[in-house]
Structure formats: structure tokens, C-alpha cells
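[1] The following block contains a protein sequence and its predicted model.
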Amino acid sequence: EAGVTQFPSHSVIEKGQTVTLRCDPISGHDNLYWYRRVMGKEIKFLLHFVKESKQDESGMPNNRFLAERTGGTYSTLKVQPAELEDSGVYFCASSHSGILQPQHFGDGTRLSIL
Amino acid sequence: AQSVAQPEDQVNVAEGNPLTVKCTYSVSGNPYLFWYVQYPNRGLQFLLKYITGDNLVKGSYGFEAEFNKSQTSFHLKKPSALVSDSALYFCAVRDTVGNTPLVFGKGTRLSVIA
């Protein structure tokens, strides 16, 4: 089966611009997660979708971040306007529902804000 | 609140020698523990998990991890390191059986020297 795919792999934008990251989960996975790793620090949870619904968005840093999962398939994460501290690697993961199903991660999008 | 500590930023080991990557955790309930590996420019790959039962868990690529409840540790081990094991290793925890987000440590970079 195809894995979790993320696009783009790398994005360089200027402060104040808008960027949209996309994640295509593994087909059939109801759970979709976004995480972020700022250089040298922990991977931090951003939010969790179950199908098209936001199950938990407690990790979203502020209202400049907007995530959607229309139709319960792929998800987008938009940052508008981008700030310098938003730089990092954004990972998407998906999993089946069920007890302790492992999360499968994409290769991440490296976001650089200049 | 849950947390994970990986006390070593870097571990160096000679090829053929045993390796250990340390992880300690803190959770309020039962711990469910995971190890992931990240190769350069790739996403996180699931290695193994501890749910319950045997304290020694076997995973992919010859890795295993030992759960120690009294020391709240879940160290990753391999009897004989390969150069190809060089990567970034992340320990993660959650305290529920449901599809809740993972809490990660900062990661440990493993370098295996030929």
C-alpha cells in the first residue's frame, strides 16, 4: 500500500506570506495527525482528525494555523500569515482506529520562513 | 501530563558492538510506549511498541526494547550495531489505548562507526 505522502517536501517563503501544506494519508485510515518539529526540539502534536472532524486541536499554536480535512480524505494545513517561529518540519501521520494502532508518518514538509 | 526524556543527544558506537538508546517517561496512567526511527530526509518509521505483558519487546531490524516499570524506562537496544542503523531515534508515549496523539522525546542521534 502507498504510504503517507506530504507535499511539498520543502517550502521557503517570506515572513507574512501564506503557505499551504498537504497530507494524503494511507487509504482507509480514519485518523490523521499533524505534528511539528522545530530544530533540535521535541516533535509536538498540533491536531488530530477522525475522518473529517477535528478530534483534538489543542496543539495548534495560534489562529494563524488552519487545518482542514474535507471529505475525510486528504488534509491541508495553512499558515497565514507566516512568522519566523513557524519554521520547522511538519509531519503528518495516519492510523486505523482501534487499540494502539501505530501511527504511520509521512516524510514531512520542511518549512523555512525568511 | 505525559512526558518523555531522552537524556543523550548523541550516541556513538562501533559497528558490531551492542547499542543502547535511553528513554524515560512520565505518565499518570498506564504507559504505552513506542520507538520510531528517522533516516535522513525521511519520515518516522515505527520500530516497536510496548502495551502490556513481556517486558522485552522485539521490533524491526533486530531492535528490542526493555520496559522497566520501577525505573520508568524503555531503553532501545540492539546486540550488534550496523553502520546502516545510524539515524535519529525517537521515544514516544501515551497513556490511553485510544487513538490519542503521541508525546515524543527530543530524539537521540545514533552514529555507528565502521
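    It's in. Residues are numbered from 1 along each chain as shown, chains lettered A, B, ... in the order given.

[2] For the closest residue to residue B:49 other than its chain neighbours, what is the enclosing helix or strand?
    Spatial nearest neighbour of residue B:49, chain neighbours left out: residue B:34 (4.8 Å); criterion: C-beta to C-beta, 6 or more residues apart in numbering or on different chains. Yep, even glycine has a C-beta here, placed from its N, CA and C like the rest. Taking DSSP states H and E as the criterion, residue B:34 maps to strand B:32-38.

[3] do residue B:20 as well
    strand B:19-21.

[4] And the contacts of that strand?
    Residues from elsewhere that reach strand B:19-21 (C-beta atoms under 8 Å, 6 or more residues apart in numbering or on different chains): B:6, B:8, B:11, B:13, B:75-78, B:81, B:85, B:89, B:91, B:108, B:110, B:112.

[5] neighbours of residue 85, just the number please.
    Unless you meant another one, I'm taking chain A. If you count neighbours by other C-beta atoms under 10 Å in any protein chain shown, residue A:85 ends up with 11.

[6] that's the wrong chain, I wanted chain B
    For residue B:85, the neighbour count with other C-beta under 10 Å is 21.

[7] Find me the pLDDT at the residue of chain A most remote from its centre, would you?
    In chain A, the residue that sits farthest from the middle, by C-alpha atoms, centre = their mean, is residue A:99; the gap is 22.5 Å. Residue A:99 is assigned a predicted lDDT (pLDDT) of 72.

[8] mind checking how far it is from residue A:110?
    33 Å (C-beta to C-beta, to the nearest Å).

[9] can you pull up the bridge partners for the spatially most central residue of chain A?
    Nearest residue to the geometric centre of chain A (C-alpha atoms, centre = their mean): residue A:34, 3.3 Å. Beta-bridge pairing for residue A:34 (DSSP bridges): residue A:47, residue A:92.

[10] State the pLDDT value of it.
    For residue A:34, the pLDDT comes out at 97.

[11] how about it, what does it touch?
    Residue A:34 is in contact with A:23, A:45-48, A:67, A:75, A:77, A:90-92, counting by C-beta under 8 Å, 6+ apart.

[12] Could you double-check that residue B:66 sits in contact with residue B:74?
    Yes: Residue B:66 is in contact with residue B:74 according to C-beta atoms under 8 Å; the separation is 7.3 Å.
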